[in-house]
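>>> Predicted structure and sequence below. I'll ask about it afterward.
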Amino acid sequence: MKKISILIFTFISCILVYGQESNNELLKKLVEKNVLTQAEADQLKKVEQKSTIEKVRNAFNTPYMQFGGNGQLMYKYSDVGNIKHDFKPKNLFLSVSGKLNDSFRYGFLLEFVNPSVQEFWGEWTAAKEFNFKLGQFKVPVTLESQYVPATLETVAYSRTISNLFGYATEDDVLNKQNGKNNFGRDAGVQFSGELASMNDYSLVQYSLGMFQGMGVTTGEKNNTKDFAGTLLIQPVKGLRIGGGAYFGQATYAIGTNPADNHVRNRWIVSTDYKSERFNARAEWVKANDGGIEKEGLYGMALYYLLPKRLNALAKVDYYNRNKDVNSEVIDYTVGLNYYFYPQCRVQLNYVHSNYSKKWGDKDMNTIYAQLQIGF
């Protein structure tokens, strides 16, 4: 089977390459005979190259099975710590998704830098108002957590989101349970939909789910299930206001105490706005992890200097990991994103982190440069 697949791929590639070379020769002849200018021929070559890419993509993608993927290669400079320069692959995802019919979709997602199965789900859609999803996927809480690294505006998630919703940072409870970057995902079931349709948008969006609470590809360690949900109102197109909550338990050690079941609750207030050239988002999160009260608040604004090509952004993120002693930090971020092809971009972020005395770290300046390739 593997040999047959390789032969088919080689055959298709040869046909496409041969066809492109023939067209190039034809364009060269037309320029020599002054039928076309060189500029016109170059423009036609660009169109042909784009068409060839689409042919290759369509040869391996159907509505029933579509392949995709993306990866991020990151350089990081920090003025604090022993290692000031770091350069490494950060993420590498490969996805397969498709529709078996008009009502049923499925998806798989694998991560290869730190190998794990991130998603494996099926979704049945009765109507736009009601969807049922079963498997392992993004837990429906917070707006930012629904983004994937390939669509997130900044190189890193907000410290508030990454610590409280499973992104393997210093205060992440899910990472303490299974030692993985869960990217905001868990195994469970979800009901979702859009209600009260207007001309070209829905007034109400909702998601409600029950989850295992252990993170990705991790077996149950207690006899409880976690509940999560979000409700958003869109009074005008592009503007959403709402909130959500997460109620559950986690199994991990606190301080010198052995691993045990502890409460893991979150309350969220969210809003965002999107237009062609301007995006903004803000969220406030209050959390309780085993009796430790935590709080976070971030705001982000982005503007496209060149439509679909170049944008600039600014972000402020406050996180308090223990409100009893005010162990807190504020991250100030400015950045640029340049898209040289759809899903492919270069990102540049500067982050200044201001820590409280109770946190214990020195103030830090960090520069991120990241190359993203997606298909």
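On my side now, so go ahead. Residues are numbered from 1 along each chain as shown.
>>> Please, where are all the strands along the stretch 151-300 of the chain?
Shown for the stretch 151-300 of the chain, the strands assigned by DSSP state E, counting those that start in this stretch span residues 185-197, 202-211, 226-236, 239-252, 260-274, 278-289, 292-306.
>>> Put together CSV for these, with mean pLDDT and distance to residue 37 on each row.
All C-beta atoms are positioned from the backbone trio N, CA, C, and that covers glycine. Formatted as CSV, the strands of the stretch 151-300 of the chain follow (pLDDT from 0 to 100; distance: least, CB to CB, whole Å):
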stretch, mean pLDDT, distance to residue 37
strand 185-197, 96, 50
strand 202-211, 97, 50
strand 226-236, 97, 48
strand 239-252, 94, 48
strand 260-274, 94, 41
strand 278-289, 97, 39
strand 292-306, 98, 27
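>>> Between these, which one is closest to residue 338.
Closest of the strands of the stretch 151-300 of the chain to residue 338 is strand 292-306, at 8.6 Å (criterion: CB to CB).
>>> For the closest one, enumerate the helices and strands it packs against.
The helices and strands touching strand 292-306, judged by 3 or more CB pairs under 8 Å, 6 or more residues apart in numbering; DSSP states H and E, are helix 159-164, strand 278-289, strand 310-322.
>>> Which elements pack onto the first one?
Counting contacts by 3+ CB pairs under 8 Å, 6+ apart, helix 159-164 packs against strand 278-289, strand 292-306, strand 310-322.
>>> what's next to the second one, contact-wise?
In this structure, residues lying in contact with strand 292-306 by CB atoms under 8 Å, 6 or more residues apart in numbering are 144, 153-154, 158-161, 163-164, 171, 254, 276-288, 310-324.
>>> Report the backbone C-alpha coordinates of it in CSV.
The C-alpha trace of strand 292-306 is given here as CSV (Å, rounded to 0.1, in the frame of the first residue of the first chain):
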residue,chain,number,x,y,z
ILE,A,292,-5.6,29.3,46.4
GLU,A,293,-7.4,32.3,44.9
LYS,A,294,-6.0,33.5,41.6
GLU,A,295,-6.9,36.3,39.2
GLY,A,296,-6.0,37.4,35.7
LEU,A,297,-6.9,40.2,33.2
TYR,A,298,-5.5,40.9,29.8
GLY,A,299,-6.4,43.2,26.9
MET,A,300,-5.1,43.1,23.3
ALA,A,301,-5.6,45.4,20.2
LEU,A,302,-4.4,44.7,16.7
TYR,A,303,-4.5,46.8,13.5
TYR,A,304,-3.6,45.8,9.9
LEU,A,305,-1.2,48.3,8.4
LEU,A,306,-1.4,46.4,5.1
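>>> Pull the distance from that strand to the chain's centre.
Distance of strand 292-306 from the chain centroid (CA atoms, centre = their mean, to the nearest Å) equals 15 Å.
>>> Show me what counts as buried in that strand.
The neighbour-count check on strand 292-306 (16 or more other CB atoms under 10 Å) flags 292, 294, 295, 296, 297, 298, 299, 300, 301, 302, 304 as buried.
>>> Same list, those, but as a markdown table with distance to residue 184 please.
Putting the buried residues of strand 292-306 into a markdown table (distance: CB to CB, whole Å) gives the following:
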| residue | distance to residue 184 |
| --- | --- |
| 292 | 21 |
| 294 | 17 |
| 295 | 19 |
| 296 | 14 |
| 297 | 18 |
| 298 | 15 |
| 299 | 19 |
| 300 | 17 |
| 301 | 22 |
| 302 | 20 |
| 304 | 26 |
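>>> ok, which pair from these is furthest apart?
292 and 304, at 40.2 Å, using CB to CB across these.
>>> separation between the most centrally placed residue in the chain and residue 157?
Nearest to the mean C-alpha position of the chain, by CA atoms, centre = their mean, lies residue 148 at 0.6 Å. Separation of residue 148 from residue 157 (CB to CB, to the nearest Å): 10 Å.
>>> now swap in residue 185 and tell me
Residue 185 is 13 Å from residue 157, by CB to CB.
>>> which of those two has more neighbours?
residue 185 (27 against 22; other CB atoms under 10 Å).
>>> what's near enough to touch the more buried one?
Here residue 185 is in contact with 118, 119, 136, 137, 138, 139, 166, 215, 216 (CB under 8 Å, 6+ apart).
>>> repeat that for 7 Å
By CB atoms under 7 Å, 6 or more residues apart in numbering, the contact set of residue 185 is 118, 119, 136, 137, 138, 139, 216.
>>> Check residue 202 too.
Neighbouring residues of residue 202 by CB under 7 Å, 6+ apart: 194, 195, 196, 234.
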